[in-house]
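K.L.:
3D, please:
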Amino acid sequence: MMLGKVIRKYRKERNFTQEEMAERLGVTASAVNKWEREVTCPDIALLAPIARLLKISTDTLLSYRENLTPKEIKELMEKTQKMLKETSYGEAFGWAKKQMEQYPNCEDLVLNMAACFEAYAITHEVPEAEKREREICALYQRLLESSEESVRMRAASGLVGYYRRKGEYEEAETYLQYFSIQNPERKRMQAQIYGETGRIKEAYKAYEELLFADYQRMSAILHGMYQLARKENDRERAGRLAEKQGELARCFEMGEFYEVVPQLDFAVLEQNRELALDTMKKVLDSVAGIGGFRQAWLYEHMTFQEMQPELLGNMKKQLLQSFDDEEIYGFLKEEPRWQALCGKQAENCGTSGKAEEK
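P.N.:
The predicted structure follows:
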């Protein structure tokens with residue numbers, strides 16, 4: 001098969017138009033058309049870039065390689081930043097564009113180049129600024145087609161930021177669709193847009209929802225680390241992690257119940273009678289305010305489902321019943337305070353351990 005037919009075959013398989021292929025190689029669409037019609041041949045220097053773009057893995061004679069290594073990308077980025085300091089923006093961008101044309105399928109290179117020149121253009125006066133902005137946006141747009149979710153999201157984030165800076169908020173919002181609903185970055189960027197367009201309550205609500213979700217996530221992480229420390233019998237680490245859980249609840253205005261309850265398991269682990277009894281009392285006393293975060297100023301724009309009094313009553317009964325479990329709390333059985341708590345259980349549950357023995 002002639003070279004022109006090979007180019008045409010694989011270009012169509014990659015779903016490129018002649019114009020798209022030309023743009024990525026830095027040539028004209030007319031040149032690509034002539035190659036495919038066998039009127040002319042590509043310059044020898046373009047053979048490797050063409051192979052990379054079309055992903056022709058059989059082209060071993062040209063030492064086909066689709067991507068650069070992380071080290072090679074780092075070296076290219078360091079040279080780019082050096083050129084931005086020592087030469088003009090246009091010269092540096094032209095050089096960078098040639099590197100991207102040499103490796104048109106190296107998405108990490110394109111992404112890093114786009115971010116680098118975008119950051120420079122934000123903080124410096126750049127000649128032909130609008131033209132350069134369009135070129136950077138074109139790079140991000142191209143990366144939206146990536147098969148890698150992380151690449152698509154970084155490109156979309158760049159475009160959201162670009163259109164926010166231009167005040168084109170509706171356009172900025174269209175790129176949020178590249179983030180899943182569950183991705184907190186989507187909500188954070190939406191909150192920024194709300195704030196910049198005068199939708200202050202919506203912005204606060206979105207930020208507060210992020211804070212509340214982050215507390216739950218970080219609390220679960222600390223609890224998981226605490227369980228690991230317990231498993232390894234690392235008491236010192238376990239104690240510090242239990243304290244951190246309480247500090248986290250305090251920082252996020254979750255209420256006293258969430259501040260003190262992590263200490264209870266650690267007190268049992270340590271068989272620390274004073275700490276256990278003090279914490280048990282604090283836990284019981286704070287049950288009524290377990291939903292205190294609903295009134296916290298930090299979440300005043302959020303709407304929470306009201307907690308039913310019956311639910312709080314049942315929760316307190318369950319806690320009292322658990323405190324009467326001698327397998328866990330038996331080391332407290334000689335303590336009058338523990339016996340008093342068990343007495344409260346009898347009042348709340350209508351039965352006691354002694355009644356059951358009779």
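
K.L.:
okay, how far is it across stretch 160-174, tip to tip?
P.N.:
8 Å (Cα to Cα, to the nearest Å).

K.L.:
for stretch 54-73, same thing?
P.N.:
21 Å.

K.L.:
What average pLDDT does that stretch get?
P.N.:
What stretch 54-73 shows for mean pLDDT is 62.

K.L.:
how much space between residue 191 and residue 158?
P.N.:
18 Å (Cβ to Cβ, to the nearest Å). C-betas here are computed from N, CA, C, even on glycine.

K.L.:
cool, and residue 69?
P.N.:
Taken as Cβ to Cβ, the span from residue 69 to residue 158 is 24 Å.

K.L.:
Compare these two and say which is more crowded by neighbours.
P.N.:
Comparing residue 69 with residue 158 by other Cβ atoms under 10 Å, the one with more neighbours is residue 158, at 22 against 11.

K.L.:
Leaving out the residues flanking it, which one is nearest to the more buried one?
P.N.:
Spatial nearest neighbour of residue 158, excluding adjacent residues (Cβ to Cβ, 6 or more residues apart in numbering): residue 140 at 4.6 Å.

K.L.:
The one you found: what's it in contact with?
P.N.:
114, 155-156, 158-159, 162 (Cβ atoms under 8 Å, 6 or more residues apart in numbering).

K.L.:
what do you get for residue 3?
P.N.:
Contacts of residue 3 by Cβ under 8 Å, 6+ apart are 35, 38, 41-42.

K.L.:
Repeat the analysis, applying 10 Å as the threshold.
P.N.:
Neighbour list for residue 3: 35-36, 38, 41-42, 47, 50 [criterion: Cβ atoms under 10 Å, 6 or more residues apart in numbering].

K.L.:
repeat for residue 69
P.N.:
So residue 69 contacts 75, 106, 108 (Cβ under 10 Å, 6+ apart).

K.L.:
can you list the domain ranges for this protein.
P.N.:
Following automatic domain parsing, the chain resolves into domains at 3-62, 70-199, 200-307, 309-358.

K.L.:
Next, count neighbours for residue 163.
P.N.:
19.

K.L.:
Relative to residue 129, how far out is it?
P.N.:
For residue 163 relative to residue 129 (Cβ to Cβ), the value is 15 Å.

K.L.:
got it, and residue 153?
P.N.:
Applying Cβ to Cβ to residue 153 and residue 129 gives a distance of 26 Å.

K.L.:
Among the two, which residue is more densely surrounded?
P.N.:
residue 153 (20 against 12).

K.L.:
if I look at the more buried one, how far off is residue 73?
P.N.:
Distance from residue 153 to residue 73, by Cβ to Cβ: 19 Å.

K.L.:
Residue 267 now?
P.N.:
Taking Cβ to Cβ, one finds residue 267 at 52 Å from residue 73.

K.L.:
name the helices or strands packed onto the one helix or strand residue 158 maps to?
P.N.:
Element membership for residue 158 (DSSP states H and E) is helix 149-165. Counting contacts by 3 or more Cβ pairs under 10 Å, 6 or more residues apart in numbering; DSSP states H and E, helix 149-165 packs against helix 107-123, helix 129-143, helix 169-174, helix 184-196.
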